[in-house]
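Enquirer: Need the 3D shape of this:
(chains A and B)
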Amino acid sequence: KQEVTQIPAALSVPEGENLVLNCSFTDSAIYNLQWFRQDPGKGLTSLLLIQSSQREQTSGRLNASLDKSSGRSTLYIAASQPGDSATYLCAVRPLPSGNTPLVFGKGTRLSVIA
Amino acid sequence: DTEVTQTPKHLVMGMTNKKSLKCEQHMGHRAMYWYKQKAKKPPELMFVYSYEKLSINESVPSRFSPECPNSSLLNLHLHALQPEDSALYLCASSQDRLAGGQTQYFGPGTRLLVL
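Expert: Take a look at the predicted model:
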């Protein structure tokens, strides 16, 4: 059964720092991996989607990497801002076996202090 | 338009009430999902519809009844809920459930409180 783990569970950094969020998954048989952002009490916003054949994706100050063989992904946030404060969720889509919903990690709660 | 909309944003209901949550998308997506999320927990999948047919029911109690009237709409009918059902209910859609490369888009959620 696929399991997704995110470390750390919470992180507090001063504004301007570069930071890395980690995600690991137990089964490398995945279609893709997706990083989401969630503000308190709100829905999920998709940040980056990495296909299983890709190594990384970039969007603005965000860069996500994928090492499928080792079951790891990282989300790199450059020059962090207070507006980046949110919970970041990692989710993998296992290869199809008829029904393959996303498997989520528990998230990393990020606080960027001005 | 890459938006999934949900109504209402907030809902308070008693345990004897009947209410419905609504979700709508106009991206032409053929897969739609209901998730339940408790505070400080990741979303938990409840139901998946693919081409307007229920394809996954994650052992959800019958007091939750999904409905997909057409490819753009997804409802969740609520009846005789319990206080522990209080949560954020999220709707999502993707182009095709079996097209694993597609991003899943989420709505803003409905915050439900059962008294």
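Enquirer: got any ranges where chain B has weak pLDDT?
Expert: Along chain B, the model assigns pLDDT under 70 to residues B:1-2, B:96-101.
Enquirer: Okay, strands next: where are they in it?
Expert: B:4-7, B:10-13, B:18-25, B:31-37, B:44-50, B:53-57, B:64-70, B:73-79, B:87-94, B:105-106, B:110-114 (DSSP state E).
Enquirer: got it, and chain A?
Expert: A:4-7, A:10-14, A:19-25, A:30-38, A:44-51, A:56-59, A:62-67, A:72-77, A:86-94, A:103-104, A:108-113.
Enquirer: could you dump these to TSV with distance to chain B?
Expert: For glycine as for every other residue, the C-beta is placed from the backbone atoms N, C-alpha and C. Shown next, in TSV, are these (distance: least, Cβ to the nearest Cβ, whole Å):
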stretch	distance to chain B
strand A:4-7	8
strand A:10-14	10
strand A:19-25	12
strand A:30-38	3
strand A:44-51	4
strand A:56-59	11
strand A:62-67	13
strand A:72-77	15
strand A:86-94	5
strand A:103-104	4
strand A:108-113	8
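Enquirer: Tell me which of the ones you listed sits nearest to residue B:84.
Expert: Residue B:84 lies closest to strand A:103-104 among the strands of chain A, at 20.3 Å (Cβ to Cβ).
Enquirer: Each with direction, which strands does the closest one pair with?
Expert: strand A:86-94 (antiparallel) (DSSP bridges).
Enquirer: What angle do strand A:44-51 and the strand it pairs with make with each other?
Expert: 40 degrees (axes from the mean of the first three to the mean of the last three Cα atoms, to 10 degrees).
Enquirer: centre of the chain versus strand A:86-94, how much separation?
Expert: Mean C-alpha position of strand A:86-94 versus that of the full chain (Cα atoms, centre = their mean, to the nearest Å) differs by 5 Å.
Enquirer: neighbouring contacts of it?
Expert: Residues from elsewhere that reach strand A:86-94, judged by Cβ atoms under 8 Å, 6 or more residues apart in numbering or on different chains: A:2, A:4, A:6, A:21, A:23, A:25, A:27, A:29-40, A:44, A:47, A:73, A:75, A:100-105, A:107-110, B:42-43, B:100, B:104.
Enquirer: out of these, which are buried?
Expert: A:2, A:4, A:6, A:21, A:23, A:25, A:30-38, A:44, A:47, A:73, A:75, A:100-105, A:107-110, B:42-43, B:100, B:104 (16 or more other Cβ atoms under 10 Å in any protein chain shown).
Enquirer: correct me, but residue B:30 touches residue B:102?
Expert: No - counting by Cβ atoms under 8 Å, residue B:30 stays clear of residue B:102, with 10.0 Å between them.
Enquirer: beta partners for the most centrally placed residue in chain B?
Expert: Centroid-nearest residue in chain B: residue B:34, 2.8 Å away (criterion: Cα atoms, centre = their mean). Legend: beta-bridge partners of residue B:34 under DSSP bridges are residue B:47, residue B:91.
Enquirer: Setting aside sequence neighbours, what's the nearest residue to residue 6?
Expert: Here I'm looking at chain A. residue A:105 (3.8 Å; Cβ to Cβ, 6 or more residues apart in numbering or on different chains).
Enquirer: think we crossed wires, I meant chain B
Expert: Closest to residue B:6 by Cβ to Cβ, 6+ apart is residue B:107, at 4.0 Å.
Enquirer: That neighbour is in contact with residue A:43, isn't it?
Expert: Yes - using Cβ under 8 Å, residue B:107 makes contact with residue A:43 at a distance of 5.3 Å.
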